[in-house]
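Asker: Let's see this in three dimensions:
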Amino acid sequence: MKPFTVELVCLFCRAPLQGKEGATYASGDLIKCMECGEDNDYDSLLNVAKEKGVGRVKKEAEKQIKDELKKLFKKF
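Answerer: Numbering: from 1, shown residues only. Purely as a prediction, here's the structure:
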């Protein structure tokens, strides 16, 4: 499977979040959205991103399994 990224988006307006260059964030930090001005909880952002990532990996794995099964049944 090829590598992929999950973009962090505002929990309120879904705009991509951009931190200051070189900034680091940790649990409990708030990240302000440049579009709507809302503060996004760092931990919540990571949880949403993890869910998206897991969903994407699951979808890709199911596709690969289906493709492999098709190949196997073509041989018989």
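Asker: mind listing the helices for the protein?
Answerer: For the chain, the helices defined by DSSP state H cover 42-75.
Asker: In it, where is pLDDT below threshold?
Answerer: Applying pLDDT under 70 to the chain flags residues 1, 75-76.
Asker: Recalculate using a threshold of 80.
Answerer: Confidence mapping of the chain against pLDDT under 80 gives the ranges 1-2, 19, 74-76.
Asker: what does stretch 27-40 contact?
Answerer: With contact meaning Cβ atoms under 8 Å, 6 or more residues apart in numbering, stretch 27-40 is reached by 8, 10-13, 15, 17-19, 25, 41-43, 45. C-betas here are computed from N, CA, C, even on glycine.
Asker: residues in contact with Ala49?
Answerer: Applying Cβ under 8 Å, 6+ apart, we find Ala49 in contact with Val6, Glu7, Leu8.
Asker: what about 6 Å?
Answerer: For Ala49, the contact set (Cβ atoms under 6 Å, 6 or more residues apart in numbering) comprises Val6, Leu8.
Asker: hmm, which of the contacts of stretch 27-40 are the buried ones?
Answerer: Listed as buried from the contacts of stretch 27-40 are Leu8, Cys10, Leu11, Leu17, Tyr42, Leu45; burial here means 16 or more other Cβ atoms under 10 Å.
Asker: Dump the residues you listed into a markdown table; add distance to Asp29 as well.
Answerer: Shown next, in a markdown table, are the buried ones among the contacts of stretch 27-40 (distance: Cβ to Cβ, whole Å):
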| residue | distance to Asp29 |
| --- | --- |
| Leu8 | 12 |
| Cys10 | 15 |
| Leu11 | 14 |
| Leu17 | 12 |
| Tyr42 | 4 |
| Leu45 | 10 |
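Asker: which among the contacts of stretch 27-40 gets closest to Lys52?
Answerer: Leu8 (9.8 Å; Cβ to Cβ).
Asker: isn't the closest one right next to Leu17, touching?
Answerer: Yes - with contacts counted by Cβ atoms under 6 Å, Leu8 reaches Leu17, the gap being 4.7 Å.
Asker: Asp41 pairs with what?
Answerer: In this entry, Asp41 is beta-bridged to Leu30, by DSSP bridges.
Asker: about what we covered before: and the buried ones among the contacts of stretch 27-40, which two are the farthest apart?
Answerer: The most widely separated members of the buried ones among the contacts of stretch 27-40 are Cys10 and Tyr42, with 12.6 Å between them, by Cβ to Cβ.
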